[in-house]
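Asker: What follows is a predicted structure for the sequence shown.
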Amino acid sequence: MTDRALVTGGSRSIGRGIVERLIEDGYDVVILDRVEPDPPVQTRWVEVDLMDLTATRTALEDVLADGPITRLVHNVGHVLPTSLDDTTVEDFDAVMALNVRASIPITQALLPGMRAAGFGRIVSISSRAALGKELRTSYAASKAAIHGMTRTWALELAGDGITVNAIGPGSIETPLWHSANPADDPRTQKIIDGIPVGRLGGPADIAHAVSFFLDARAGFTTGQVLYVCGGLTVGSARA
């Protein structure tokens, strides 16, 4: 039987890259997303707004009716960049609801199947912004929260054969990145110039790291945050 994997927000950008890599790796992939994959991909897409807890639980019941899923990638998220002065409580709650809260009922739903199998892999897509970034009060807070949950879940689930890790992408060339980093903003070029490898990353770079964490042979790695950022997190060391 083909191992099953679930990817939230897997229809576009980084999520789409992850889905394509997991299909290549031989997994039977399920996507939970509000939007349909375009172009179509050979996998199952379930339309759901993951900010709606009732709809999320219904979607999970649907996909788990076909059997357990032992590999999970929390990828869905949004940014809503604003300065501290302009950050609203409503925007903060919205970012936390999608980027953080949604992962809890999804993980809870998949845990019984993982525990029964004595095996599970959970990967969350965080961000280098968790270390701090201007205009990212809500987003940075949500990604830092992911790090805390990753480490806590790793401790709680290690005895069940389940590993939990996170990936912190740096500047990845996607529509979301470009919308949050306008080409006419001098800070955008400064970001690109500060990447030691000399380029923006691509979804395939993140997908490769996800593939490692999901592998059955990665069972001795848990509770970790891997920054896939072209060296941006250590770029200042060159000064």
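Answerer: Sure thing, it's come through. Computed from a prediction, not measured in an experiment: that's the story for all the values here.

Asker: So in the protein, where's the weakest helix or strand by average pLDDT?
Answerer: Within the chain, no helix or strand scores below helix 175-180, which has a mean of 78 by mean pLDDT, DSSP states H and E.

Asker: Pull the residues that contact the helix or strand that that one is followed by.
Answerer: Where DSSP states H and E defines the elements, the next helix or strand beyond helix 175-180 is helix 186-193. The contact list for helix 186-193 (Cβ atoms under 8 Å, 6 or more residues apart in numbering) reads 134, 171, 181-182, 199-200, 232. The way it works is simple: take the backbone N, C-alpha and C, and place the C-beta from them, glycine included.

Asker: out of those, who's nearest residue 156?
Answerer: residue 232 (31.1 Å; Cβ to Cβ).

Asker: Please tell me how far the closest one sits from residue 62.
Answerer: Distance of residue 232 to residue 62, computed by Cβ to Cβ, to the nearest Å: 39 Å.

Asker: Show me which of those two is the more surrounded one.
Answerer: For residue 232 versus residue 62, neighbours defined as other Cβ atoms under 10 Å are more numerous around residue 232 (22 against 13).

Asker: That one and residue 194 touch, don't they?
Answerer: Yes: when contacts are counted by Cβ atoms under 8 Å, residue 232 is listed as touching residue 194 (6.3 Å).

Asker: What residues of the host helix or strand of residue 107 count as buried?
Answerer: In this assignment (DSSP H and E), residue 107 forms part of helix 103-117. Under the neighbour-count criterion of 16 or more other Cβ atoms under 10 Å, helix 103-117 has 103, 106-107, 109-111, 113-115 buried.

Asker: One more: stretch 56-66?
Answerer: Residues of stretch 56-66 classed as buried by neighbour count (16+ other Cβ under 10 Å): 56, 59-60, 63-64.

Asker: can you list contacts of whichever helix or strand comes after the helix holding residue 107?
Answerer: Using DSSP H and E, the helix or strand that directly follows helix 103-117 along the chain is strand 120-125. Contact with strand 120-125 is made by 14, 70-75, 77, 103, 107, 110-111, 114, 146, 149-150, 153, 157, 160-167, 169, 206, 210, 213-215, 218, as judged by Cβ under 8 Å, 6+ apart.

Asker: Quick one, which of those are buried?
Answerer: Buried members of the contacts of strand 120-125, scored by 16+ other Cβ under 10 Å, are 14, 70-75, 77, 103, 107, 110-111, 114, 146, 149-150, 153, 157, 162-167, 169, 206, 210, 213-214.

Asker: what residue ranges in this structure score low on pLDDT?
Answerer: 1, 235-239 (pLDDT under 70).

Asker: Next, the distance between the ends of stretch 28-47.
Answerer: Start and end residues of stretch 28-47 are separated by 17 Å (Cα to Cα, to the nearest Å).

Asker: residue ranges for the strands of this protein, please.
Answerer: For the chain, applying DSSP state E gives strands covering 4-8, 28-33, 44-47, 71-74, 120-125, 162-169, 225-228.

Asker: thinking again about what came up before, how many degrees apart are the helix holding residue 107 and strand 162-169 in direction?
Answerer: Relative orientation of helix 103-117 versus strand 162-169 (axes from the mean of the first three to the mean of the last three Cα atoms, to 10 degrees): 140 degrees.

Asker: then helix 103-117 to CSV, C-alphas only?
Answerer: Extracted C-alpha coordinates of helix 103-117, given in CSV (Å, rounded to 0.1, in the frame of the first residue of the first chain):
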residue,chain,number,x,y,z
SER,A,103,-2.3,22.9,12.5
ILE,A,104,-3.7,21.7,15.9
PRO,A,105,-6.9,19.9,14.8
ILE,A,106,-5.2,18.6,11.7
THR,A,107,-2.4,17.0,13.7
GLN,A,108,-4.9,15.7,16.3
ALA,A,109,-6.9,14.0,13.6
LEU,A,110,-3.9,12.2,12.1
LEU,A,111,-2.3,11.1,15.4
PRO,A,112,-4.4,8.0,16.0
GLY,A,113,-3.3,6.6,12.6
MET,A,114,0.3,7.4,13.2
ARG,A,115,0.3,5.9,16.7
ALA,A,116,-1.4,2.7,15.4
ALA,A,117,1.4,2.5,12.8
